[in-house]
Every structure is written in C-alpha cells, then in structure tokens.
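> My questions concern the predicted model and sequence given below.
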Amino acid sequence: MNPKLRKFLVFCKDFSSNKVALVAFFIFLLILFVAIFAPLVSPTDPYDLNTVSIMNSRLPPFSEDFSGNYFLLGTDGAGRDMVSAIFYGLRVSLGVGVLSGIFALIIGSFFGISAAFFGGRYESLIMRIVDIQLSFPSILVALIILAAFGKGVEKTIIALILVQWAYYARTARSSALVEINKEYVDAARCLAFGNTRIMFKHILPNCMAPLIVVGTLQTAHAISLEATLSFLGLGLPITEPSLGLLIGNGFEYMYSGDFWISIFPGVALLITVASINLVGDHLRDMFNPRLH
Amino acid sequence: MLWFLLLKNSKMTAFICTRFAQSILVLFIMSLLVFGGVNLVGDPVEMLINPEADQAEVERVIRELGLDRPVTEQYWYFLVNAFKGDLGSSFIFGEPALKLIIQRMPATLELALFSLFISLIIAIPLGIYAGYNPDSKASKVIMAGSILGFSMPTFWVGIIFIMIFAVQLGWLPSTGRGEIGTFMGINSSLFTLNGLSHVFLPALNLALFKISSVIRLTRAGTREIILQDYITFARSKGISEKRVVLIHVLKNILIPIVTVVGLEFGSLIAFSTVTETVFAWPGMGKLIIDSIYNLDRPVIVAYLMIIVTFFVFLNLIVDIIYTFLDPRVRIKGDHQ
C-alpha cells in the first residue's frame, strides 16, 4: 500500500478512538456543509425582500403563516425565517473565522519559522513583539483596531488576524527550532538550497501538526470573538448578518419574552465553537508525545 | 531591599530599564495608531466636530483644534495635550473625556472584583474535588462543564441569564447598578443589598470564563500535590482526610492560583466591556461601546489611550515582580 495512504489510515483510526471527538467532527462537517450550501438548503432566502413578509414578524417556533409556510424556529422582528437566517449567518461567521485563521496561519508561520531560522536580533525582535501582543487580551486588541478604524468586513478580518498571528508565530518558532537541528536540514544546506526553500519546503511541512492544532482552537476562538464584536456593533456591518448580529438583533425582543430570536442563533454558535474545540482538544492530545 | 537587589544585580537593572523603554515604545506606537485611525483614515473634521455645528463654528473649531496645520504638528500637539491629561471633550456630555472615564472606573472595578471573588468561590472547591477524585462521574461532569464554559460566548450566556433570572423568574434585576452605599469613604453598590442584587448576574456572567480556567488550574495543582511526601506524612500522622484537604492541599494550591488570577485581572476588565453592554452596567466598558455607537471620538481616543497605558504598566509591573521572584525568567531575552 502507498505509505502516505497508510499513514492517513492510521491517523484516521487514532482519531476515531475518541468517540466524542469523532461525533464533534461529523457535526462540524454538517455545519460546514450547511454553511457552504446555505442558499440550497435554506427553506427561504431570508434577505430576499419579495419572500419576507413583515406580517410574519416574531412568530414563535413551530408556527405557520397564512400561506402555509412553516417556521420551525420561528421568525425574527422583520418576519425572516430563523432557520434560514441561521444558515446564512453560519456562512458569514465561518467564512470570516476561517479566512482570518488562514491568513494568520500564513503570516504567523512565516515570522515564526524565519525567526527560528535566522536567530539573533531578528528573532529577539519578532518574539518580543509576539510577547507584547500576547500580554493584551484578545478582545482588547480587536477593540483597539475597530474603535480606531471603524467597523467593516475587511477591518474585522484584519483585527482577527492581528489577534491570532502571534499564537501561530510562537508555535511555528518552537517547532521549527526542534526541526532545524535535524539531519535533513543539514543535508538540504549541504545541497546549497536557498534559505527560502529550506524554510518553507523542508521545515514548514514538519511543523504542520502543532500548527493545525493551534489552528483549530484559534479558529473556534476567532468565530466566537467575531460574534462578540458583531453583537457589540463593532464587527461586521448589518449587510453581513453573522450569528453575532442575529443574537444582537434578538436581544431587544428578549424583554418581551420572544426568546427564540436570540437563543437559537446562539445555540448554533455554541455547537459550532464547541465542536471545533472538541476536535482541536483531541488533536492536541494525539500530537502530544508526552501522553503516549 | 528592592534597591539593594537592584544595586547587587546590574543585569537586572538593565533588564528593567529595557522593559521600561519597551513599554514607552508600545505606548508611542499605540498613540500613533489611535491618532492615525482618527485623523488620517477618516475625515477628522467630520469626526471631531459636532455635526450640528454651523459653518462659522466649524471653521472656528478647525482653527482651534489646529486641523489646518501639518499632520506632524497636529500629532505633536496631541501628544503634548495627552501628557497634560487633556484628551478632548465629549460631544455628547460636553465634559472632558478623561473625567467621564474616571467617573465610570469604580463601577467597572467593582464588577471585576466581585466576579473574581465569585469565580474563586465556585471554582476552587470544584477543582479540588475533581483533582481529589479524578475518576468519579462528578469530576467528569465538572471537567466537561469547564470545556463548555470555554466554548460558550459570554454575551450569549448573559442574555440567557437575563432571560431566565430577570424576565421569566423575576428574581434579579438585569440592568443598572442599583443603590450605591458608602463604606469607609468608598462608594460602591457592593455595600447595599439592592446593589448586590444588581451586581450578581453581571458578575457571574463575567466570572464564567474564569471559573473554567480556575477549575482546570486547581484540578491540576491538586493532582500534583496529593502525591507529595508531605501529604503522605500528614496522613501517616493520623490527621483526618478532611483536614489534609482543607489545610494542606488548599494552602499549597492557593499560591499559584492567586498569582495567575491576580495577573489576569486585566483581562477581566477588558472582557467587562461585553458584560457591561449586555447588562447596561454603567462602567467604562459600556461608555466606550456607547461612544463608538455615537461616534464620540474624543471619548474613544481617551479610553483607548487610558486602557493601553493601564495594560502596558500592568505588564511592566508583572514582568518586574516575576524577575524578582524567579531570576531565571528571561533575563537575557531568550525564549524557551
């Protein structure tokens, strides 16, 4: 059998040993599917003004309107179907979270690996910046960026990248420091490969495991942080209704007892974040050599 | 004593000086960022001048604020005024921004302190229990609960608290600070029953995240300490198991917990922004969110500068204390 395929199968078997993580992984896949194909799986298009009727506003869960449309989770203040709004919201939340995570991973591992590779003053400078940034709580970093520059999709993504990159940089550097002393790096140097090639073609692939662990946990954190910022009215604009905005919209109706508008988007957010966290926790245990 | 240590160890003095210089540098970069955000990205005339002002008023304020001068000169005036404690006046309240923030600081501090208290009261017993009986069902429930606590978005839990305890059951109030009592010259709602009923829900909400992390810390600490020789010795002396846990284990885990929790007090203040908004708690966190919503730029700038200064110096003090407690900590700036 192809050794790569065998390695992958062994990994799958290891991963399935924890049933909770396995279930969490499938739930996450389902959420991902719903997010990507939101327009196809949603009962209605919640942002199409032709189908949304204000007459249906604030219907409780399991209700039907006069034309026979069924609302499993009720409707919000504008008469939108909550199920559809949540599906579209997942799309925005996951999109922003994953996108910022990927950018932060690229930026963080670039600085982390190059710091470990070149060492000296450059390394001290980079790691000092990382330390200083990690001494600020994540919400404060995001708050500074968004309060100073205003809200918006790209600003929220920039804030989330800034919050996360330092974690990736620290992880990438510590695993790169271990890799650099291994023989294959010496061999690559003897072959007179360029620094860039050694750093990113040889060292980086061997640092991926811990980076993926940090990546899952950080993405969960980013999704949660984006929801918080959007709820506060600092993150995404009203044209990109993420789960946080949906919860915020429902907040005003809560005092009159219309709980479903706020609660269900929150449940969706909780399930998303918790499933990613559970998968990440299990991956961390798997890659942690001390536990074997 | 401190000065003696400083003289004795010139390396340490150099370390502290470097850290101090770095803190000043961070503050400088922050001032650039905040100034840049307000003055370069947007239109400063639109942002800094009351939109209801007429043309003559607008021109007068432009001259007064020096907006007709070169950018570098404007930045210099911003810095000089900031040092004097003048960060502009709020459009909404018409009062100095700095004064507004300082007025609201006690409310935030009391919320953060009370939530710290709640998190320790709840988390330490649970953590000790989970560490003492690691295989029991209850411990597994506690640990699963702590993972859930990490995953739950604070603001959403706050909304659920309001829904259950304020709207449905009507047990506790959900907004405001309540009656404020005075004790030893300090005004706080912690000193009246009505005030306590107001602070309870927001403090519990803010404590949630801390509870999860303190449970994990306490559990890990307990599991480690229970294996130590002095615990075996205490048991062999015939001391009751209750006393072993309550005196010997508790005393030894408190040291690391108090250190970590004390150091993370700053993050409670940062996260109180969210809780204050949900519970309409009149602290500085709600002030900044309201100011952002109202485009009250002077207050935004003042808040950002104050909170960053606070964190930079908090971190500086923590660094220095750590160096004295444990001289191995990165004297040469190297990283493990």
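Arrived safely, thanks for sending.
> how many neighbours does residue B:53 have?
Neighbourhood size, residue B:53 [other C-beta atoms under 10 Å in any protein chain shown]: 13. To be clear about C-beta, it is placed using only N, CA and C from the backbone, and glycine gets the same treatment.
> Quick check: the gap between the spatially closest residue to it that is not a sequence neighbour and chain A.
Distances taken as C-beta to C-beta, 6 or more residues apart in numbering or on different chains place residue B:61 nearest to residue B:53, at 6.8 Å, with adjacent residues excluded. Using C-beta to the nearest C-beta, to the nearest Å, residue B:61 is found at 21 Å from chain A.
> Output stretch A:131-144 as PDB, nothing but the C-alphas.
This file holds the C-alpha atoms of stretch A:131-144, laid out as PDB (Å, rounded to 0.1, in the frame of the first residue of the first chain):
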ATOM      1  CA  ASP A 131       5.200  38.500  23.800                       C
ATOM      2  CA  ILE A 132       4.000  42.100  24.000                       C
ATOM      3  CA  GLN A 133       0.900  41.300  21.900                       C
ATOM      4  CA  LEU A 134       0.000  38.200  23.800                       C
ATOM      5  CA  SER A 135       0.100  40.300  27.000                       C
ATOM      6  CA  PHE A 136      -3.000  42.100  25.800                       C
ATOM      7  CA  PRO A 137      -6.300  40.200  26.000                       C
ATOM      8  CA  SER A 138      -7.600  39.300  22.500                       C
ATOM      9  CA  ILE A 139     -10.800  41.400  22.800                       C
ATOM     10  CA  LEU A 140      -8.800  44.500  23.700                       C
ATOM     11  CA  VAL A 141      -6.600  44.100  20.600                       C
ATOM     12  CA  ALA A 142      -9.700  43.800  18.400                       C
ATOM     13  CA  LEU A 143     -11.400  46.700  20.200                       C
ATOM     14  CA  ILE A 144      -8.500  49.000  19.600                       C
END
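> near chain B at all, it?
Yes: judged by C-beta under 8 Å from any C-beta of the partner chain, stretch A:131-144 and chain B are in contact via A:132, A:135-137, A:139-140, A:143-144.
> which one of the residues you listed is nearest residue B:26?
residue A:132 (5.9 Å; C-beta to C-beta).
> So for stretch B:152-169, mean pLDDT?
For stretch B:152-169, mean pLDDT rounds to 85.
> from the chain's centre, how far out does that stretch sit?
22 Å (C-alpha atoms, centre = their mean, to the nearest Å).
> Inside helices: which ones of the residues of stretch A:131-144 next to chain B?
The helices, defined by DSSP state H, take in A:132, A:139-140, A:143-144 from these.
> Skipping its backbone neighbours, what lies nearest residue A:111 in space?
Closest to residue A:111 by C-beta to C-beta, 6+ apart is residue A:169, at 4.7 Å.
> show me the contacts for that neighbour.
Applying C-beta atoms under 8 Å, 6 or more residues apart in numbering or on different chains to residue A:169 gives the contacts A:107-109, A:111-112, A:115, A:126-127, A:130.
> How confident was the prediction at it?
Looking at residue A:169, the pLDDT reads 95.
> Quick check: it vs chain B, distance?
11 Å.
> all strands in chain B, in order from the N-terminus.
In chain B, the strands defined using DSSP state E lie at B:181-183, B:186-188.
> Quick check: which ranges of chain B have low pLDDT?
Scanning chain B for pLDDT under 70 picks out B:1-10, B:38-51, B:65-67, B:178-179, B:181-191, B:193, B:325-336.
> Could I get the full set of helices for the stretch 201-336 of chain B?
B:229-236, B:241-243, B:250-263, B:265-278, B:284-293, B:297-325 (DSSP state H, counting those that start in this stretch).
> Could you export the ones you listed as TSV, including distance to residue B:150 and mean neighbour count?
Below are those laid out as TSV (distance: least, C-beta to C-beta, whole Å; neighbours: other C-beta atoms under 10 Å in any protein chain shown):
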stretch	distance to residue B:150	mean neighbour count
helix B:229-236	30	12
helix B:241-243	31	10
helix B:250-263	16	15
helix B:265-278	13	23
helix B:284-293	21	22
helix B:297-325	23	19
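> is it possible to export those helices to TSV including distance to chain A?
Formatted as TSV, these follow (distance: least, C-beta to the nearest C-beta, whole Å):
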stretch	distance to chain A
helix B:229-236	24
helix B:241-243	30
helix B:250-263	10
helix B:265-278	4
helix B:284-293	6
helix B:297-325	5
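> any idea which residue sits dead centre in the chain?
Looking at chain A here, since you left the chain open. In chain A, the residue lying closest to the centroid (C-alpha atoms, centre = their mean) is residue A:219, at 2.7 Å.
> looking at chain B here, not the other one
Most central in chain B (C-alpha atoms, centre = their mean) works out to residue B:269, at 2.3 Å.
> so residue B:134 makes contact with residue B:224?
No: counting by C-beta atoms under 8 Å, residue B:134 does not reach residue B:224; the two are 11.7 Å apart.
> just to revisit the earlier point, how about the secondary structure of the residue nearest to residue A:111?
Under the three-state scheme (DSSP: H, G, I helix; E, B strand; the rest coil), residue A:169 adopts helix.
> Distance check, it against residue A:4.
29 Å (C-beta to C-beta, to the nearest Å).
> which residues does the single nearest residue of chain B relative to chain A contact?
Chain A sits closest to residue B:37 of chain B, with a gap of 2.8 Å, by C-beta to the nearest C-beta. Taking C-beta under 8 Å, 6+ apart, we find residue B:37 in contact with A:147-149.
> now do residue A:87
By C-beta under 8 Å, 6+ apart, the neighbours of residue A:87 are A:34-35, A:38, A:41-42.
> Recalculate using a threshold of 7 Å.
A:34, A:38, A:41-42 (C-beta atoms under 7 Å, 6 or more residues apart in numbering or on different chains).
> Need those in JSON lines (columns: neighbour count).
Below are those laid out as JSON lines (neighbours: other C-beta atoms under 10 Å in any protein chain shown):
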{"residue": "A:34", "neighbour count": "19"}
{"residue": "A:38", "neighbour count": "20"}
{"residue": "A:41", "neighbour count": "13"}
{"residue": "A:42", "neighbour count": "18"}
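> just curious, which of the residues you listed is nearest to chain B?
Chain B has its nearest neighbour among those in residue A:34, at 18.8 Å by C-beta to the nearest C-beta.
> Report how many residues lie close to residue B:57.
Count around residue B:57 with other C-beta under 10 Å applied: 12.
> and if you look at residue A:129?
For residue A:129, using other C-beta under 10 Å, the count is 17.
> give me the low-pLDDT residue ranges for the stretch 151-292 of chain A?
Counting by pLDDT under 70, the ranges of the stretch 151-292 of chain A that qualify are A:257, A:289-292.
> In chain A, what residue comes closest to chain B?
residue A:148 (2.8 Å).
> Is residue A:45 in a helix, a strand, or coil?
Quick answer, by three-state DSSP: residue A:45 is coil.
> Give me the pLDDT value at it.
Reported pLDDT for residue A:45: 74.
> How many neighbouring residues does residue A:267 have?
14.
> That one and residue B:205: what is the separation?
18 Å.
> One more: residue A:138?
According to C-beta to C-beta, residue A:138 stands 18 Å off from residue B:205.
> and what of residue A:254?
Taking C-beta to C-beta as the measure, residue A:254 and residue B:205 are separated by 14 Å.
> Compare the two (neighbour count), which wins?
residue B:205 (26 against 21).
> contacting residues for residue A:20?
Contacts of residue A:20 by C-beta under 7 Å, 6+ apart are residue A:278.
> chain center to the strand or helix carrying it, what's the gap?
Assessed by DSSP states H and E, residue A:20 sits inside helix A:19-36. When distances are taken as C-alpha atoms, centre = their mean, helix A:19-36 is centred 14 Å away from the chain's centroid.
> cool, and stretch A:249-256?
Taking mean C-alpha positions (C-alpha atoms, centre = their mean), stretch A:249-256 and its chain are 27 Å apart.
> ok, now stretch A:266-277?
On C-alpha atoms, centre = their mean, the centre of stretch A:266-277 falls 11 Å from the chain's centre.
> and for it, what are the contacting residues?
Contact with stretch A:266-277 is made by A:24, A:27-28, A:31, A:86, A:90, A:216-217, A:219-220, A:223-224, A:227, A:243, A:247, B:147-148, B:150-153, B:156, as judged by C-beta under 7 Å, 6+ apart.
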